[in-house]
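**Student:** how would this look folded up:
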Amino acid sequence: MEVTDANLQLLAGYLQQTLSADPNVRRPAEKLLESTELQQNYPVLLLNLIDKATMDMTIRVAGAIAFKNYIKRNWAAHEDSDEPDRIHASDRNTIKTLIVTLMLHSPTALQKQLSDAVSIIGKHDFPKKWPQLIDEMVEKFASGDFNVINGILQTAHSLFKRYRYEFKSQALWEEIKFVLDRMAKPLTELLQATMQLSTLHEGNAEALKVIYSSLVLVNKVFFSLNSQDLPEFFEDNMSTWMGAFLQQLAVDVAILRTDDDEDAGVLEHLRSQVCENICLYARKYDEEFKPYMEQFVTAVWELLVKTSLHTKYDALVSNALQFLTVVAERKHYHGIFENPEILARICEKVVIPNLDIRPSDEELFEDSPDEYIRRDIEGSDIDTRRRAACDLVKTLSINFEQKIFGIFGQYLQILLSKYKEDPVANWRSKDTAIYLVTSWAARGGTQKHGITQTSELVPLPQFCAEHIVPELERPNVNELPVLKAASIKYVMVFRSLLGPQTLAGCLPHLIRHLPAESIVVHSYAACSLEKILTMRDANNTLLFGPQVIGPHSNQLVSGLFATLSLTGSAENEYVMKADATAVSSFEEALFPVFQGILQQDITEFMPYVFQMLSVLMEVREGSGPIPEPYWALFPCLLAPPLWDRRGNVTPLIRLLSIFIKQGSAQIQALGKLNGILGIFQKMIASKANDHEGFYLLQNLLYYYNADELQTNMRQIFGLLFQRLSLSKTAKYVNGIIVLFSFYVVKVGGTPLVQLIEQIQPGMFGMLLERVFITDMAKVSKELDRKIVAVGVSKLLTECPEVYSGQYKTFWPRLLHSLVDLFERPPEKLPYLDGLDGAADADVAVDAEPGYQAAFSQLTFAQPKQVDHLADVTDSRLYLAKALSNLSQTVSPAELTNLITPLEMDYKEVVMKYCNQAGVRLA
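**Tutor:** Residues are numbered from 1 along each chain as shown. Okay, here's the model as predicted:
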């Protein structure tokens, strides 16, 4: 591929097409570029296009993104495999020669993409294969053009930030030394020059924004270069850097202040990075940093006192508080905090304001509960003000316990008194009080056990009884949700220290909060229950057995599963974990109740028992074999009288299918397959329940031992065809099409043909002509349509009897019907107007004498839909690829004979599928 104007225009055209909203235009262009990218000069052509000022900017940006992704996919692909290098050696050299200069003189939109590409290349090639990179970058520091300098600094930051977390090694030391020898002095000189320019341009907002952005990047690079060890050069020039950091903490440039309360501006980013830098030095190089410590403590203290609660300051405040925490941890700095007046001021001016919940936190609680939870109890990587303030309180409490107890005790009483004056208006005061006690009392703990070490001065059970339990006892679980969440969290984190009696008293209150409307509240309740129910005593026995949980088992079950039906919590992981934990705890309590209902034949409760058994088995799936109590019930499930009651059928089929999925080997050992097949026969014979029979058979095909099942398949198919000929309904035809398609997917097309031909020669042709071709497009459910699409695609392309044998005459019409399935909306069948189990509108429902308890679906026990073909994301593309594979198998003449009879409209649609899939018919 030569670098010519013609090729540049051609490449620009394809890039333009990749921006199209029409997938029929976009995908072929993407596929073509991917197939072209391994040709020599392709990346060089891309760089030339990106550099072409006369080219439309959107195409240049698309080219820059394509180049970055090309580098990401291919630059190091050969290093971890035996594959040949995907990039020609000459292209590699050309890229490294051109890219830095191109990046630096490109507009910002292009510079970011190219900088990312440089970082990717540098990660693999720098310094050994690209030693000139660092010199090329440092040279640009002298350019005086801060747009260029910032591009270099951004690239340096991307290259060097891995030094922050990589393990120490000789190779890493050598690389860092290589960088320091070339970068440390120019970076220091750049810092000094930039600080001077910030004074020189103090009235120019645009210039200052660029200059201070440079300082942010200089500080980031400084942090990376100092992360592993204290470099000699920086130690020798510490006064220069620390002086600059003090100035940057104190500086307040009015024209750079922003009106945005949410997003941090350049000044906030600068001060935040300075706090990170000095925190690094205080933590790792405190001996060398000692002369500057008091100055920085004062500077950070003054900064915190004058910084408001707006969200844009969060990172700055968090890093500043972390710095104070690190200082307070060091014994030789305790003198700074010894004065009770200083501690009192820290509490009043720094700790309490940053423990308070802010409007932005309340918004997060309401609008992004998952993110709130992640920050509050999961220990996410995002540092919050509250967490940083809690860490400072904890450190001060450990090192100055007696003094802190008096000071925090006073503020705690003030906060609680304020709440008592007007709970509705002042609930935030109590929320702060709970956080203060939590951080003040905690000394250490684990994820498994919560807080296990606390200050002896803080009476946790007493505080729980006086201030936490009353909040949980409030009758309205939706009242003051933030305070509810804080109270539940208190029980959760101190569970190992509150004692069994207190926890047992809290259990019903936690269960009562499971249906709370707030996602945070019911998630915290579920999380607390999961952790409390798994607690064990010194003998490794569960702390709360059936005798404690039994009285609450009904509310616990219904509460947990009701939570899953609440908006936003359909897949709530905390509830799921609590479900799994609760199952083993209250199975023992529930089973006697279930057995009593079944033995006493309490008809109206049976459907609910079967649903709850299904839920319990689904929750415990993957935790081991099905327990014995379930197997004791299994023979009862096959008893014919149970299946005569219409309300039992749907939950029983679900329960039976779960047994098949989780325990097919045991069913085989017990010799119960015939009993299950008897139920299948009963279902298939019923116009009301035949869909349940199809569902049961699908589960047998997917999960049961194939060899044993196969010996029964001829008889099963005989029953299916008998019902088809004697009592055909639209619903039944729908079901049989899906079932046979599923059989093709699971077992194969040829076995299906052979099995049907054993019943009656030529019957498979009749099935194609009278069922599949005429009614396939009427299948309506999405997962069913996918099964049919994949099954029929396999028949067309993997079954020789269909594409080249006795039934090849049906091939074009079968493909027509499959295209109709894809392109036409499904016909609305009468039986789909109501429940799936309803009979066809023109067919009387099977008569069943006497009163029948109708089936009522428990809202918390909704069955999960299983997609057995989850790996097939687009059935049309699956067909296209299958046809392409077929074209490689049959001769050109055979392929022509198959394709020629297709109607022109259908041919065009099939070709469109092939183009979208990036394949062709040979």
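
**Student:** could I get the full set of strands for this protein?
**Tutor:** Counting by DSSP state E, the chain forms strands over residues 442-446, 450-454, given from the N-terminal end onward.

**Student:** pLDDT on the first one, on average?
**Tutor:** When you say that, I think you mean strand 442-446. Taken as a whole, strand 442-446 carries a mean pLDDT of 58.

**Student:** check stretch 683-701 too.
**Tutor:** Mean predicted confidence for stretch 683-701 is 93.

**Student:** quick one: that stretch to chain centroid distance?
**Tutor:** The gap between where stretch 683-701 is centred and where its chain is centred comes out at 36 Å by CA atoms, centre = their mean, to the nearest Å.

**Student:** next one: stretch 530-550
**Tutor:** Mean C-alpha position of stretch 530-550 versus that of the full chain (CA atoms, centre = their mean) differs by 31 Å.

**Student:** tell me which residues in it are buried?
**Tutor:** Along stretch 530-550, these residues count as buried under the neighbour rule (16 or more other CB atoms under 10 Å): 530, 531, 532, 533, 534, 535, 544, 546, 548, 549, 550. The C-beta positions use only the backbone N, C-alpha and C, and glycine is treated the same way.

**Student:** mind putting those in a markdown table, pLDDT and distance to residue 260 included?
**Tutor:** Written out in a markdown table, the entries for the buried residues of stretch 530-550 read as follows (pLDDT from 0 to 100; distance: CB to CB, whole Å):
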| residue | pLDDT | distance to residue 260 |
| --- | --- | --- |
| 530 | 81 | 40 |
| 531 | 86 | 40 |
| 532 | 88 | 43 |
| 533 | 82 | 46 |
| 534 | 79 | 45 |
| 535 | 86 | 47 |
| 544 | 81 | 50 |
| 546 | 69 | 57 |
| 548 | 80 | 53 |
| 549 | 77 | 51 |
| 550 | 71 | 56 |
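
**Student:** narrow those residues to those in helices?
**Tutor:** Secondary structure of the buried residues of stretch 530-550 is defined by DSSP state H; positions in helices are 530, 531, 532, 533, 546, 548, 549.

**Student:** could you work out the most separated pair of these?
**Tutor:** Distance extremes for these: the farthest pair is 531 and 546 at 18.7 Å, using CB to CB.

**Student:** for residue 914, give me the pLDDT.
**Tutor:** Looking at residue 914, its pLDDT reads 90.

**Student:** what's the burial count for it?
**Tutor:** By the measure other CB atoms under 10 Å, the count of residues near residue 914 is 21.

**Student:** tell me how far it lies from residue 749.
**Tutor:** 21 Å (CB to CB, to the nearest Å).

**Student:** now residue 119
**Tutor:** 51 Å.

**Student:** repeat that for residue 421.
**Tutor:** Look at residue 421 and residue 749: by CB to CB, they are 78 Å apart.

**Student:** and those two? which has more neighbours close in?
**Tutor:** It is residue 749, of residue 421 and residue 749, that has more neighbours when counted by other CB under 10 Å, with 26 against 9.

**Student:** quick one: contacts for the more buried one?
**Tutor:** Under the criterion of CB atoms under 8 Å, 6 or more residues apart in numbering, the contact list for residue 749 reads 794, 795, 798, 799, 801, 802.

**Student:** could you do residue 190 as well?
**Tutor:** With contacts defined as CB under 8 Å, 6+ apart, residue 190 is in contact with 141, 149, 214, 218.

**Student:** which among those residues gets closest to residue 6?
**Tutor:** Closest approach between the contacts of residue 190 and residue 6, by CB to CB: residue 149, at 37.8 Å.

**Student:** residues near residue 262, how many?
**Tutor:** Residues near residue 262, counting by other CB under 10 Å, number 10.

**Student:** in space, what's closest to it - neighbours in sequence excluded?
**Tutor:** Of all residues beyond its chain neighbours, the one nearest residue 262 is residue 311 (5.1 Å), with distances taken as CB to CB, 6 or more residues apart in numbering.

**Student:** the one you found is in contact with residue 268, isn't it?
**Tutor:** No - with contacts defined as CB atoms under 8 Å, residue 311 does not count as touching residue 268, sitting 10.4 Å away.

**Student:** and the closest residue to residue 693 other than its chain neighbours, how close does it get to residue 716?
**Tutor:** With sequence-adjacent residues excluded and distances taken as CB to CB, 6+ apart, residue 693 is closest to residue 683, at 3.1 Å. Residue 683 sits 12 Å away from residue 716, taking CB to CB as the criterion.

**Student:** chain neighbours aside, what residue packs nearest to residue 32?
**Tutor:** Once flanking residues are discounted, residue 32 sits nearest to residue 14: 6.0 Å by CB to CB, 6+ apart.

**Student:** got the residue ranges for the helices in the stretch 501-650 of the chain?
**Tutor:** For the stretch 501-650 of the chain, the helices defined by DSSP state H, counting those that start in this stretch occupy 519-533, 546-549, 553-564, 573-599, 606-620, 628-637, 640-643, 646-670.

**Student:** what residues are up against the residue nearest to residue 668 when sequence neighbours are not counted?
**Tutor:** If you skip the residues right next to it in sequence, residue 668 has residue 705 as its closest partner in space, 5.4 Å away by CB to CB, 6+ apart. Each residue near residue 705 by CB under 8 Å, 6+ apart is listed here: 664, 665, 668.

**Student:** and those residues, which are buried?
**Tutor:** Among the contacts of residue 705, the ones that count as buried by 16+ other CB under 10 Å are residue 664.

**Student:** the nearest residue to residue 46 once chain neighbours are set aside: how many residues sit nearby?
**Tutor:** Here the nearest residue to residue 46 in space, its sequence neighbours aside, is residue 67; by CB to CB, 6+ apart that works out to 4.6 Å. Here the neighbour count serves as a burial measure; for residue 67 (other CB under 10 Å) it reads 26.

**Student:** do residue 73 as well
**Tutor:** The local packing of residue 73 (other CB under 10 Å) involves 13 other residues.

**Student:** ok, residue 773 to residue 219 distance?
**Tutor:** 71 Å.

**Student:** ok, the two, which is more surrounded?
**Tutor:** It is residue 219, of residue 773 and residue 219, that has more neighbours when counted by other CB under 10 Å, with 24 against 19.

**Student:** surely that one meets residue 272?
**Tutor:** No - at 9.4 Å, residue 219 does not count as touching residue 272 under the criterion of CB under 8 Å.

**Student:** just the pLDDT at the residue located most distally from the centre of the chain, thanks.
**Tutor:** Checked against the mean C-alpha position of the chain, the extreme residue using CA atoms, centre = their mean is residue 761, at a distance of 52.6 Å. We have a pLDDT of 92 for residue 761.

**Student:** now it: how far from residue 136?
**Tutor:** Distance, residue 761 to residue 136, using CB to CB: 79 Å.

**Student:** repeat for residue 818
**Tutor:** Taking CB to CB as the criterion, residue 818 is separated from residue 136 by 59 Å.

**Student:** neighbour count: the two, which is higher?
**Tutor:** Between residue 818 and residue 136, counted using other CB under 10 Å, residue 818 has the larger neighbour count: 26 against 15.

**Student:** so the more buried one is in contact with residue 879, correct?
**Tutor:** Yes - taking contact to mean CB under 8 Å, the distance of 6.8 Å between residue 818 and residue 879 places them in contact.

**Student:** so what sits against both of those two?
**Tutor:** Residues touching both residue 818 and residue 879 by CB under 8 Å, 6+ apart: 789, 793, 796.

**Student:** in the stretch 701-850 of the chain, where is pLDDT below threshold?
**Tutor:** Under the criterion pLDDT under 70, the flagged ranges of the stretch 701-850 of the chain are 827-850.

**Student:** which residue ranges form the helices in it?
**Tutor:** 706-710, 713-726, 730-746, 749-759, 763-767, 773-775, 782-798, 800-803, 811-823.

**Student:** again with the stretch 101-250 of the chain
**Tutor:** Assignment of helices within the stretch 101-250 of the chain using DSSP H, counting those that start in this stretch yields the ranges 108-125, 132-140, 146-160, 170-200, 205-226, 232-236, 238-250.
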